[in-house]
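**Q** just the structure for this:
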Amino acid sequence: MSFGNLQKISNGKRTFGITPHIPGGFITIETMQKIVDIAKKYNGILKITSGQRILITNLKQEDLENVWNELGMEPAVKTQNSVKNVEMCPAGYCKRSKYNTIGTGMKLSRKYQWMEMPCRTKIGVAGCRNACGSVYSKDIGVIADKTGFIVAAGGSGGYNPRMADIIAKDITESQALSLVDNIFEYYIENAEAGEKLGFFIDRIGIEKFNQDVLKGIDI
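**A** Numbering: from 1, shown residues only. As a prediction, this is how the structure comes out:
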């Protein structure tokens, strides 16, 4: 395995970065120490990313395979048009959370991480309406409130920013997870190649999108 992104060319020398998969940004002390030790061994630089991961950069191309083998971890991103990550707030450890959505996020991560999509896709999960982690700028957002779950879709924080549309609110966790399933199935089946979820919603109209993805969700 030699996943790596070219980071910089300086005086003809190329340096690369790799990003191991760290579900939800939660990492054991042992794994953190392993990352530190390997980065030190290969003269790497560590960067905490906005996607709740650790970038190891300043690596030589010829060292990438050894670094991955010694880490024994999966790469965070394997293909361009896929679910790149599931970002989660620390709900179970936060006084503001209305529900421990760490479990919700891990269910989504296990099911959707690396899944092929029409375009690059991000999921955000939060335990209260503060929506830490910029959930409303994610393609899919799942937010817990005192009265139930909110599911939003179509957000983007990239070159063409877009606020997500709220698709449903005051629903159960089970209903929220089923709705996410419906949204992804509908998106995969009907979107054009390279079309972000938000642009797909704009193209077909939010009314039709809501009508179709809410089928079978008893709310």
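**Q** quick check: mean pLDDT across stretch 8-26?
**A** Mean per-residue pLDDT for stretch 8-26: 91.
**Q** list the buried ones in that stretch?
**A** By 16 or more other C-beta atoms under 10 Å, the buried positions in stretch 8-26 come out as 15-20, 22-25. In this view, the C-beta of every residue, glycine as well, is placed from N, C-alpha and C.
**Q** got JSON lines for those, with distance to residue 190 and secondary structure too?
**A** Listed next are the buried residues of stretch 8-26 as JSON lines, based on distance: C-beta to C-beta, whole Å; DSSP: H, G, I helix; E, B strand; the rest coil:
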{"residue": "15", "distance to residue 190": "41", "secondary structure": "strand"}
{"residue": "16", "distance to residue 190": "37", "secondary structure": "strand"}
{"residue": "17", "distance to residue 190": "35", "secondary structure": "strand"}
{"residue": "18", "distance to residue 190": "34", "secondary structure": "strand"}
{"residue": "19", "distance to residue 190": "31", "secondary structure": "coil"}
{"residue": "20", "distance to residue 190": "33", "secondary structure": "strand"}
{"residue": "22", "distance to residue 190": "32", "secondary structure": "coil"}
{"residue": "23", "distance to residue 190": "29", "secondary structure": "helix"}
{"residue": "24", "distance to residue 190": "29", "secondary structure": "helix"}
{"residue": "25", "distance to residue 190": "32", "secondary structure": "helix"}
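**Q** pick the one among those closest to residue 120.
**A** Of all the buried residues of stretch 8-26, residue 19 has the smallest distance to residue 120: 14.1 Å, by C-beta to C-beta.
**Q** show me what contacts that closest one?
**A** By C-beta atoms under 8 Å, 6 or more residues apart in numbering, the contact set of residue 19 is 49, 51, 53-56, 75-77.
**Q** show me the contacts for the nearest residue to it once chain neighbours are set aside.
**A** In this structure, residue 19 finds its nearest non-sequential neighbour in residue 76, 4.3 Å apart by C-beta to C-beta, 6 or more residues apart in numbering. Listed by C-beta under 8 Å, 6+ apart, the contact set of residue 76 reads 19-22, 51, 53, 84-85.
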